[in-house]
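**Q** heads up, no residue letters with this:
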Ligand code: AP5
Ligand code: MG
Ligand code: ZN
């Protein structure tokens, strides 16, 4: 099973990805999580990526595509994978297609979590994330059991630096200009499926399972 999760910032890609990855036993690959890990470890990639991420801009395709190709070459991706936050530009989508075509493979599904803009600011400014395992919480909609601690791994949960109102607005603009065209792209590739992302987290997951199938 090879799946892409599409959707604006705050749509719930990361939240659904955790459940999908568990349910279907495929690795969850989030380019945002990879960049954030590198930023916290102050690697050269992290230092470079931070310049863009803190301003709500996309990290250049040249960097991003190589990272994903590397990750997809790992052994655990042989059984399938779930991409969260990649591709985000048509150039990234094309690079992914060529990479898979060279192995006589292709994606199975591009799943759009559809959420209108007026839901997003609340979701983003109330979000808390775990930098160790990538789990995502919300102070109102999905609080952690112990305040400030991750349910999954017990690490501290924090507010992302790019989750302030000004940067969220910038990210939404970038999404409209650079990522939204992928909806049409995957529609033409006959891979697009859409779920209503405004419902409760478990209801969204239910719709996702209806699309992906009840079996592993
Ligand atoms: P990335 O980390 O991918 O951020 P994003 O796309 O902006 O998406 P988010 O992670 O903000 O939202 P999400 O959809 O995962 O929502 P979540 O599940 O957390 O990218 C960050 C940056 O890295 C980019 O800006 C860019 O600079 C760079 N980058 C990454 N990939 C790149 C690429 N391919 N190319 C170039 N640059 C790249 O949910 C949000 C909140 O809502 C949470 O609090 C959650 O608890 C809550 N919530 C979720 N679902 C529901 C629901 N159904 N009801 C109520 N609340 C909900
Ligand atoms: Mg995310
Ligand atoms: Zn955690």
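**A** Great, that's in hand. Here the structure is a predicted model, which means the values were calculated and not measured. Ligands and ions are numbered 1, 2, ... in the order given.
**Q** what number of residues are in the vicinity of residue 131?
**A** Residue 131: 17 surrounding residues under other C-beta atoms under 10 Å. For the C-beta atoms, the positions are set from N, CA and C on the backbone; glycine is no exception.
**Q** could you do residue 167 as well?
**A** Residue 167: 19 neighbours (other C-beta under 10 Å).
**Q** the helix or strand in which it is found: which residues count as buried?
**A** Using DSSP states H and E, residue 167 falls within helix 165-174. If you call a residue buried by 16 or more other C-beta atoms under 10 Å, then helix 165-174 has these buried ones: 167-168, 170-172, 174.
**Q** cool, stretch 181-194 as well?
**A** Neighbour counts over stretch 181-194 (16+ other C-beta under 10 Å) mark 182-183, 185-186, 191-194 as buried.
**Q** now do stretch 108-126
**A** 110-115, 120-121, 123-124, 126.
**Q** tabulate those in CSV, adding columns for distance to residue 147, pLDDT and secondary structure.
**A** Output for these, formatted as CSV (distance: C-beta to C-beta, whole Å; pLDDT from 0 to 100; DSSP: H, G, I helix; E, B strand; the rest coil):
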residue, distance to residue 147, pLDDT, secondary structure
110, 36, 98, strand
111, 32, 98, strand
112, 33, 98, strand
113, 27, 98, strand
114, 31, 98, strand
115, 26, 97, coil
120, 24, 94, helix
121, 23, 92, helix
123, 19, 93, helix
124, 19, 93, helix
126, 13, 94, coil
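**Q** can you report how many residues neighbour the residue lying closest to residue 15 once chain neighbours are set aside?
**A** Ranked by C-beta to C-beta, 6 or more residues apart in numbering and with sequence neighbours excluded, the top spatial neighbour of residue 15 is residue 136, at 5.3 Å. Counted with other C-beta under 10 Å, residues neighbouring residue 136 total 22.
**Q** over to the one 3 residues further on?
**A** Counted with other C-beta under 10 Å, the neighbours of residue 139 add up to 13.
**Q** quick one: it from residue 5, how far?
**A** From residue 139 over to residue 5 the distance is 23 Å, taken as C-beta to C-beta, to the nearest Å.
**Q** and for residue 18?
**A** Distance, residue 18 to residue 5, using C-beta to C-beta: 11 Å.
**Q** in terms of neighbours, single out the busier of those two.
**A** A side-by-side neighbour count of residue 18 and residue 5, using other C-beta under 10 Å, places residue 5 first with 24 against 19.
**Q** quick check: chain neighbours aside, which residue is closest to the more buried one?
**A** Per C-beta to C-beta, 6+ apart, closest to residue 5 is residue 13, 4.4 Å.
**Q** residue contacts, the one you found?
**A** 5-7, 30, 84-85, 113 (C-beta atoms under 8 Å, 6 or more residues apart in numbering).
**Q** this completes my enquiry, with thanks.
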